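>>> I would like to see how this sequence folds:
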Amino acid sequence: MKIGLILSNDWELFGDGSGDYFEIQHQPLEALLQTAKDHGAKISVMAETAQQWAHLDLSNQYAWAKEISEAWISILQNTLRHGSDVQLHIHPQWLNAKYSDATNQWVLNSADVSIANRPQEELEKLLGKGKAYLESILKPVDSNYACSTFRAGAFAIEPYARYLKALRKTGFHFDSSIVPGLTLAPFFNFQQYPCGTSSWRIDDSILELPIHTIATWMPPILRRALPRSIFEAVAFGTKAQDYSWFETRDEFAIAKYPASKHTLMLQNTATFFDKFRSKVINRSKFILDYDFLSADVFVSILKRKLKEHNKDDGVLIVTALGHAKNVHNSDNLKRILGSINTQLKDRVSYLTYSDVNRMLPS
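Coordinates of the predicted model:
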């Protein structure tokens, strides 16, 4: 058994529309692409396309909007030239977004979280528009490019039946929105999917490529109380290391996007008991996130996965997650890729969603 590792990256501004595009999207993506190239890896950029449409709408009115929308296209075209990938990601909060000259800020519809929570025809039109737009700007670089994969903003895919129908109707082959074991009321509840599930066929036309998760025995309240070195040693058997990168990352994230602006979390409708159970009783669940896990933990999760499937043949697709906006540099990804290439050189290959699309029978 070999792991085919997809390094996906949700590429977007902050959830309330704030953030300097060049500082938190463009420059970090340039660094990520170079890091991936240096290590023989690839990035699958999940491009927030409704955000781009909002900037395009203002490009004739504001020079800065024109500059951003043109830079957005240019770097995604360069992403393909690097051998990496681009697929569709939409936060519906950006639909009908307004720009305020008084505050120099975007004003988004924070109540519009689930892309599927709209009439069927409107949903299909929206997904089709996103697919057609990405193909229009990327096919000139690679005539074989196809937008095959969608990830819903905030993983919000309810009502699910309507969502799947729209994916089928608009020609998507993959969904990559499910995060097994996680829940955030009222936007998603993926507790019926066991942590560690790698992929499954929804029907003859759509394959789910979930974001990989792992559960530990430790409840979240204990995990948060322990120093990172002790938690990782107990939960994953790793040795203490230099965690200064994570401390700087946290300082960066708080300064750029404090918790008081996290509109999604502020809309959490879980009951007191559900919140208590999730923090005190339930096991901690981790996303395979290369912005939040140390190299030792990331590699230990891959090793555990390989051990579980050591008697199987073929390629096991594992999808990891990152957010360019959350990090101050790509050093942690460098360490992760370096460790994978040293310790799992013959057991892990790097794939994109487009690679998987080409692997499957037509």
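>>> which stretches of the protein form helices?
Counting by DSSP state H, residue ranges of the helices within the chain are 21, 27-38, 49-58, 63-81, 120-138, 160-169, 220-225, 228-236, 244-256, 263-266, 272-276, 295-308, 331-343, 353-359.
>>> Show residues contacting the second one.
Yep, that's helix 27-38 we're talking about. By C-beta atoms under 8 Å, 6 or more residues apart in numbering, the list of residues contacting helix 27-38 from outside reads 7, 9, 11, 41-43, 45, 75, 78-79, 82-84, 322, 324-325, 327, 329-330, 333-334, 337, 350. The C-beta positions use only the backbone N, C-alpha and C, and glycine is treated the same way.
>>> show me the contacts for Trp106.
Residues near Trp106 by C-beta under 8 Å, 6+ apart: 13, 16-18, 54, 97-100.
>>> Any buried residues in stretch 192-203, and which?
Of all the residues in stretch 192-203, those buried under the rule 16 or more other C-beta atoms under 10 Å are 193, 195-196, 198-199.
>>> Show the average pLDDT along it.
Averaged across stretch 192-203, pLDDT comes to 92.
>>> what does stretch 83-90 give?
For stretch 83-90, the mean pLDDT works out to 98.
>>> and of the contacts of Trp106, the nearest to Asp313?
The nearest member of those to Asp313, counting by C-beta to C-beta, is Leu13 at 42.7 Å.
>>> Quickly note the distance from the nearest residue to the closest one once chain neighbours are set aside to Ser44.
Excluding the flanking residues, the one nearest Leu13 by C-beta to C-beta, 6 or more residues apart in numbering is Gly19, at 4.4 Å. To Ser44, Gly19 is 21 Å away according to C-beta to C-beta, to the nearest Å.
>>> hmm, back to that, could I get the helices of the chain as a markdown table with distance to Ile287?
Converted to a markdown table, those look like this (distance: least, C-beta to C-beta, whole Å):
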| stretch | distance to Ile287 |
| --- | --- |
| helix 21 | 25 |
| helix 27-38 | 17 |
| helix 49-58 | 22 |
| helix 63-81 | 23 |
| helix 120-138 | 24 |
| helix 160-169 | 20 |
| helix 220-225 | 13 |
| helix 228-236 | 14 |
| helix 244-256 | 15 |
| helix 263-266 | 15 |
| helix 272-276 | 19 |
| helix 295-308 | 10 |
| helix 331-343 | 14 |
| helix 353-359 | 18 |
